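In: Build me a structure from this.
(chains A, B, C and D)
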Protein chains: 4
Amino acid sequence: MEERVGDAVTKLDRLRDALRAFTAARNWQSFHSPKNLAMALSVEAAELLEVFQWMTEADSRNLDPAARAAASEEIADVLLYLILLSDALDIDAIAAAERKMVANAQKYPVDKARGTSAKYTRL
Amino acid sequence: MEERVGDAVTKLDRLRDALRAFTAARNWQSFHSPKNLAMALSVEAAELLEVFQWMTEADSRNLDPAARAAASEEIADVLLYLILLSDALDIDAIAAAERKMVANAQKYPVDKARGTSAKYTRL
Amino acid sequence: MEERVGDAVTKLDRLRDALRAFTAARNWQSFHSPKNLAMALSVEAAELLEVFQWMTEADSRNLDPAARAAASEEIADVLLYLILLSDALDIDAIAAAERKMVANAQKYPVDKARGTSAKYTRL
Amino acid sequence: MEERVGDAVTKLDRLRDALRAFTAARNWQSFHSPKNLAMALSVEAAELLEVFQWMTEADSRNLDPAARAAASEEIADVLLYLILLSDALDIDAIAAAERKMVANAQKYPVDKARGTSAKYTRL
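Out: Just a heads-up that it's a prediction; the model follows:
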């Protein structure tokens, strides 16, 4: 998940390096199989989902401070596990996302997708 | 989810901007409530989980090319929805993750956490 | 997950027995660790979630036939993995649910919970 | 999700009826759109997954009492939301599962599926 601008080490690089050091200091490498990290990522995504569970969509666009703080913390957890998993698999998440954006532009042409979510579904 | 080194616009910034343009061109803003984006993120996290579902942990550390490509694509989807959701909530995911790293260091002191996952559980 | 009325073997019993035979015939017991079954259950729950992902709540109350058929199939998958997991752990899901109903009645007293989802949240 | 043996009202029927009364007494019907119930089901499935998150598969086959109690409670929650969602959609979960078993037997013939999880994957 490296992201370099010129030769600068970026904030994502620093998070990855901090996570490596954090894991090594606690000797947690054996727990961090990609299988387990994918489970942890999924659990954190569900904790993020839980914040919005009983809200209307309108309310989710106007969070009160407590809900906003909870969302922020769960977003952090999802990002941290995404960095850990990408690092464990040696996958560059940014580059993968850039490729996916290109694929999505072809999959959902503007003239056909405009204003309908039908293209999203696989039903 | 901005990340700047000096004045440089970073790759995360560019992904966010590309997602904004992609969404606006298709008039999909109405679908992208935080509630819906959190659902989509959770669905993508589960598709990532599915890659590892029947593997042993050992196998998950040595993916064949097809599984690796599938994992890469799902990691991309998770990252894209995380950027969309962070942007919709105006939350800086990188800064939130940096704060969480500080909190985690206090929550799991090295001398108590070393080599045990017990600290992880909430049982 | 047994459910007996008098001495009658129930439909849940029969599903459990059919799943045992199905698994044994394919020699899939080694894949069916509780850890893996919990992953599979979570993946199926997300596929069920996906059906409703871009719908409004109002639309989710009035599914078209295709969405209804998709929901039905994913509900089936969730139930089958729930039976498999309960059987693997020798947990009686019905009895556990009955106990949880008693606990919920105490946790959410009618006079305090009426018409608010506040009790649901943990924020 | 009805299940009748002769004319007997079964335990699943009774759970469904208890959930209807529980919801009505708290005036929670407005929160219980199928979209929201599918979210809640997914969140509970993740809480169940969390129990097994850092365990080996072998350990997941031999739970200590605390983990077993946690798994039992989360299984209960998943079942309760599955009953609520099936009732909201007027889908008979047992019948849907019976149909799925027939479909699975055709999809995974014994002679081809024996001892391999390859049939499971969609890679």
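
In: Next, the contact list for the one residue in chain A that gets nearest to chain D, please.
Out: Proximity to chain D, evaluated over chain A using Cβ to the nearest Cβ, is greatest for residue A:46 at 3.2 Å. Glycine gets a C-beta too; all of them are placed from N, C-alpha and C. By Cβ atoms under 8 Å, 6 or more residues apart in numbering or on different chains, the contact list for residue A:46 reads B:42, B:45, D:42, D:43, D:45, D:46, D:47.

In: and it, what element?
Out: helix A:34-52 (DSSP states H and E).

In: can you give me how far that helix is from the chain middle?
Out: Centroid separation for helix A:34-52 versus its chain: 10 Å, with Cα atoms, centre = their mean, to the nearest Å.

In: how close does residue A:18 get to residue A:90?
Out: 18 Å (Cβ to Cβ, to the nearest Å).

In: between these two, who's got more neighbours?
Out: residue A:18 (18 against 8; other Cβ atoms under 10 Å in any protein chain shown).

In: what secondary structure does the spatially most central residue of chain A sit in?
Out: In chain A, the centroid-proximal residue (Cα atoms, centre = their mean) is residue A:79; its distance is 4.7 Å. Following DSSP: H, G, I helix; E, B strand; the rest coil, the label given to residue A:79 is helix.

In: How much space separates it from residue A:48?
Out: In terms of Cβ to Cβ, residue A:79 sits 11 Å off from residue A:48.

In: any common contacting residues for the two?
Out: Common neighbours of residue A:79 and residue A:48 (Cβ under 8 Å, 6+ apart) do not exist.

In: Report the two of the contacts of residue A:46 separated the most.
Out: Pairwise distances across the contacts of residue A:46 peak at 14.5 Å for B:45 and D:47 (criterion: Cβ to Cβ).

In: Neighbour count: the two, which is higher?
Out: Legend: neighbour count by other Cβ under 10 Å for residue B:45 and residue D:47, higher for residue B:45 (34 against 20).

In: List the residues that contact the closest residue to the more buried one other than its chain neighbours.
Out: Nearest non-adjacent residue to residue B:45, counting by Cβ to Cβ, 6 or more residues apart in numbering or on different chains: residue A:45, 3.8 Å away. By Cβ under 8 Å, 6+ apart, the contact list for residue A:45 reads A:78, B:38, B:41, B:42, B:45, B:46, B:78, D:46.

In: For those, work out which two are farthest apart.
Out: Among the contacts of residue A:45, the pair separated by the greatest distance (Cβ to Cβ) is B:78 and D:46, at 14.6 Å.

In: From the rest of the structure, what touches stretch A:63-82?
Out: Taking Cβ under 8 Å, 6+ apart as the rule, stretch A:63-82 contacts A:1, A:15, A:19, A:37, A:40-41, A:44-45, A:47-48, A:51-52, A:55, A:93, B:34, B:41, B:45, B:75, B:78-79, B:82, B:85-86, B:89, B:91, B:93-94, B:96-97, B:99-101, C:123.

In: Taking those, please make a ChimeraX selection of just the buried ones.
Out: To isolate the buried members of the contacts of stretch A:63-82 in ChimeraX, using 16 or more other Cβ atoms under 10 Å in any protein chain shown:
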select /A:1,15,19,37,40,41,44,45,47,48,51,52,55,93 /B:34,41,45,75,78,79,82,85,86,89,91,93,94,96,97,100,101
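
In: Need the outlier residue of chain A, farthest from its centre.
Out: Chain A, Cα atoms, centre = their mean, max distance from centroid: residue A:111 (29.0 Å).

In: which stretches of chain A aren't confidently modelled?
Out: For chain A, residues meeting the criterion pLDDT under 70 lie at A:1-9, A:117-123.

In: Around chain D, which positions in it sit nearby?
Out: A:31, A:36, A:39-40, A:42-43, A:45-47, A:49-50, A:52-54 (Cβ under 8 Å from any Cβ of the partner chain).

In: Residue A:56 touches residue C:56, doesn't it?
Out: No - look at residue A:56 against residue C:56 with Cβ atoms under 8 Å: they stay out of range, at 9.5 Å.

In: Now residue A:48. Nearest residue, chain neighbours left out?
Out: Residue A:48's closest residue in space is residue A:74 (Cβ to Cβ, 6+ apart), at 3.8 Å.

In: Likewise for residue A:52?
Out: residue B:35 (4.2 Å).

In: so how many other residues sit close to that neighbour?
Out: 26.

In: before we move on, what about the one 4 residues further on?
Out: Per other Cβ under 10 Å, the neighbour tally for residue B:39 reads 28.

In: Quick check: it vs residue D:19, distance?
Out: Per Cβ to Cβ, residue B:39 is found 23 Å from residue D:19.

In: check contacts around the residue nearest to residue A:52.
Out: Going by Cβ under 8 Å, 6+ apart, residue B:35 touches A:52, A:55, A:56, A:57, A:60.

In: The same query, at a cut-off of 7 Å, please.
Out: A:52, A:55, A:57, A:60 (Cβ atoms under 7 Å, 6 or more residues apart in numbering or on different chains).

In: Which two among the residues you listed are spaced furthest apart?
Out: A:52 and A:57 (8.7 Å).

In: Would you state the strands of chain A in chain order?
Out: Taking DSSP state E, chain A contains no strands at all.

In: quick one: residue A:93 and residue A:85 touch, right?
Out: No - with contacts counted by Cβ atoms under 7 Å, residue A:93 stays clear of residue A:85, the gap being 8.7 Å.

In: From the structure, what's the count of residues near residue A:60?
Out: Neighbours around residue A:60, by other Cβ under 10 Å: 21.
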